[in-house]
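Q: have a look at this prediction, sequence included:
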There are 4 protein chains.
Amino acid sequence: MDNETRLRHWRERMEVPLFAASVVFLGCYAVRVLAVDLPQGWRDTFLALTYAMWALFVVDYAVRWRLSGAGTSYPRRHVLDAVMVALPLLRPLRIVRIYESVQRRHAEAKPRLALYARVIAYSGMSAVLLGFAGALTVYAEERGAPGATIKTFGDSVWWTCETLTTVGYGDVVPVTALGRTVAVVMMAGGLALLGAVTGSFSSWLIQTFTLEADKEPPGTPPEAS
Amino acid sequence: MDNETRLRHWRERMEVPLFAASVVFLGCYAVRVLAVDLPQGWRDTFLALTYAMWALFVVDYAVRWRLSGAGTSYPRRHVLDAVMVALPLLRPLRIVRIYESVQRRHAEAKPRLALYARVIAYSGMSAVLLGFAGALTVYAEERGAPGATIKTFGDSVWWTCETLTTVGYGDVVPVTALGRTVAVVMMAGGLALLGAVTGSFSSWLIQTFTLEADKEPPGTPPEAS
Amino acid sequence: MDNETRLRHWRERMEVPLFAASVVFLGCYAVRVLAVDLPQGWRDTFLALTYAMWALFVVDYAVRWRLSGAGTSYPRRHVLDAVMVALPLLRPLRIVRIYESVQRRHAEAKPRLALYARVIAYSGMSAVLLGFAGALTVYAEERGAPGATIKTFGDSVWWTCETLTTVGYGDVVPVTALGRTVAVVMMAGGLALLGAVTGSFSSWLIQTFTLEADKEPPGTPPEAS
Amino acid sequence: MDNETRLRHWRERMEVPLFAASVVFLGCYAVRVLAVDLPQGWRDTFLALTYAMWALFVVDYAVRWRLSGAGTSYPRRHVLDAVMVALPLLRPLRIVRIYESVQRRHAEAKPRLALYARVIAYSGMSAVLLGFAGALTVYAEERGAPGATIKTFGDSVWWTCETLTTVGYGDVVPVTALGRTVAVVMMAGGLALLGAVTGSFSSWLIQTFTLEADKEPPGTPPEAS
């Protein structure tokens, strides 16, 4: 069995376990940030679990690198994988991959969602996961900072929604350097989200228009249902 | 007469009465929020009317469920209907459906609006209705809250416009948990509105460009009239 | 000569004079708002000029109504014309019409701008005119209001740019009812502007992509010079 | 050798040196703004270098004007070139040109990026360069101003990210006239960036949809890895 087949097998076999591990990572991180009254023993357990998951991601990356046989050019050609190892909180975003795989397997049973509906579903899931991970990180950074306006997790979630939709009231804002760095990533996410929503809407409109030009009954806009 | 025909008849017959009921619901809610000096007797009347309309929506949902013969899978397959029962303030958004039906009936008399014009009309109506319901709810929540900046209904409407257009000055912002939850729904509405406006504009441009390429006189941009 | 021909002649002959009158109107309004130290005599002159221009718009509207022979249905079918009579500050937006006419006359001499370039030009001109008229009106309303943050015309222009681009810092915001009403119109303008920019960009991309698929050299993105 | 050939030769030969000069210009400006403790001798050296680069841009413009043989109509027909001479900080934006040229030369070796990927790459590079130049200029203006909220370069970078993504919290804002003027340019940049992101996303979606309609496997959305 050559390396390429081995790599494919590894990817397929690890897809679900890695996703489960990424959810466990996010869950443990959330517990450590939110449950401040937890006994020290539990806190240590969750910390150990977090690091164990991280170690798993590193091992998976190393195995892929090895099997690819790409040498030193691998990290440059798989930048996103390296980012995922460095920032495991973003890993659950891979849910889109899983969702796509599951949909493909059931393709015979029921027709797949239209492209625009899938993009809106992807954007929604990505926004929720990115927002949750971001709100946790910013809350963990900001709650003890002098002059902070984000004092509760509720504030942090509220700030996240403001940011992802690019509304930006500015009633609560991060003041620490790390909090602001996370915020910049979330603003970029907000832009991409806007792009996805407007792009898929535009695409859906053009598709509907083309059908209408062919004298078929027009679709109803999605929000009108 | 089988159940499917009965369901269709029910939907057709109830379309207009349900829309009227949803407008009455919104009106009674608005009166109760805005007319604080109303005698208690009148307040109770409006409250009873509100609950009566709500009961009507629940009955309509139950009848549809029964006639569909879908069993326990019905709520999962008609999520939007369930949302409409839980949040009747959003019901008037169905005006788009009514508008569409009316337009279809008069299709012979005059040509229908172009797709992009309809989408802009839908977006406008949806924004006004969503904004009005949201401004009422946020005002009702915020006016008595400690540290609130939204003190009059005018402030609430101003905040609504800031939010739906994603401008977000932040001079007046909700501070209560429920007010912020409503705000998040309105931010999502703002995103969808942006998507509708940019998407229909983009679609209109592509259509105009295609016509122009075929050597026909180009249309004038809508804002130029 | 029948009424329809007369109406067309009237429109053609009045196009440039009406545009000139709308610029004079905007200019006189600007002088009255910005030059507070002007002697009373001059102020009265500019005020008279403003009203004279307004009277001209009303006369033009009346002539068109008369010549159209449409009776009471005219205002309903020419809503935008009625808005222009009620809000003459928005009239210079018609520059797009003039520009379009001039371009069409010189169509033989040089090829017209591509559709996307024209839309960006329209959006730019509209944004500048809408912004200038809005900044003037808001400044006139806000400068004497208690608790106002817009104190100079510079503040007003700065606030206008924040609003039209939907950035909305909120460091300066209108506090009067009329100022906020104007602001809402400008937010809607900002949304339309966003739609125009993103829509034309999207359209330009699709056009470029189609050409590229036909193996022609791709265009360079507009911002790249 | 006629003038047109000479002009083309000049452009080709000067492309890389001018880009290098524009990077040196930006670098020297950055050092002068950020390294306030630099000995006076070094500061003077960097200032001289800055002016030398500027002189180079002016000479290049003059040579092009001369070789074009266009007379007084040249500046009007090459507005962007004139802007680049007046605001050399924006010059590194030409990196897109260089990038495009390099890509074209290697066209045989490897297939070019898809159109949407290139547009996102252009937008990203332009945003980073525009943001860096803007953050420097605003910081230089604001740090000494009375009542300024932008006090460190970190604040300025944070404010830049808020502005380019049109989030606009308003926790830090420019207060000087020049700072606000730069801010307006960056807001316009944010709008264009939004247009590029949403436009390319929309274009990518339509392309994917067309392929899918032809029964080919659909692409995965870019953010899904």
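A: Sure thing, it's come through. Numbers count the residues shown, from 1 in each chain, chains lettered A, B, ... in the order given.

Q: got the residues of chain A near chain D?
A: A:80-81, A:84, A:93-94, A:96-97, A:100, A:115-116, A:119, A:122, A:126, A:162-163, A:166-170, A:173, A:177, A:180, A:183-184, A:187-188, A:190-192, A:194-196, A:198-200, A:202-203, A:206-207 (C-beta under 8 Å from any C-beta of the partner chain). Glycine gets a C-beta too; all of them are placed from N, C-alpha and C.

Q: list only buried entries from those.
A: For the residues of chain A next to chain D, a burial check counting by 16 or more other C-beta atoms under 10 Å in any protein chain shown picks out A:81, A:84, A:93-94, A:96, A:100, A:115-116, A:119, A:122, A:126, A:162-163, A:166-170, A:173, A:180, A:183-184, A:187-188, A:190-192, A:194-196, A:198-200, A:202-203, A:206-207.

Q: these in helices, which ones?
A: A:81, A:84, A:96, A:100, A:115-116, A:119, A:122, A:126, A:162-163, A:180, A:183-184, A:187-188, A:190-192, A:194-196, A:198-200, A:202-203, A:206-207 (DSSP state H).

Q: buried ones in the host helix or strand of A:W10?
A: Using DSSP states H and E, A:W10 falls within helix A:3-34. Residues A:7, A:10, A:14, A:18-19, A:21-22, A:24-26, A:28-33 are the ones in helix A:3-34 that count as buried (16+ other C-beta under 10 Å).

Q: cool, and stretch A:153-162?
A: Within stretch A:153-162, the residues that count as buried by 16+ other C-beta under 10 Å are A:F153, A:D155, A:S156, A:V157, A:W158, A:W159, A:T160, A:C161, A:E162.

Q: please apply the same query to stretch A:71-80.
A: Residues of stretch A:71-80 classed as buried by neighbour count (16+ other C-beta under 10 Å): A:Y74, A:H78.

Q: who touches that stretch?
A: Outside stretch A:71-80, the residues within contact range by C-beta atoms under 8 Å, 6 or more residues apart in numbering or on different chains are A:R64, A:W65, A:S68, A:A70, A:A82, D:S225.

Q: what's the closest of the buried residues of helix A:3-34 to C:A133?
A: Lowest distance from C:A133 to the buried residues of helix A:3-34 (C-beta to C-beta) belongs to A:V33, with 49.9 Å.

Q: wait, the closest one touches A:E141, no?
A: No - between A:V33 and A:E141 there is no contact under C-beta atoms under 8 Å: 9.8 Å.

Q: just the buried residues of helix A:3-34 now: which is nearest B:F57?
A: Using C-beta to C-beta, A:A30 is the member of the buried residues of helix A:3-34 that lies nearest B:F57, at 36.9 Å.

Q: tally of neighbours for the residue lying closest to the closest one once chain neighbours are set aside?
A: With C-beta to C-beta, 6 or more residues apart in numbering or on different chains as the criterion, A:A30 has its nearest non-adjacent residue at 5.6 Å, and that residue is A:L136. Here the count is done by other C-beta atoms under 10 Å in any protein chain shown, and A:L136 has 22 residues near it.

Q: OK, contacts around A:L136?
A: Per C-beta under 8 Å, 6+ apart, neighbours of A:L136: A:Y29, A:A30, A:V33, A:L34, A:L89, A:F153, A:S156.
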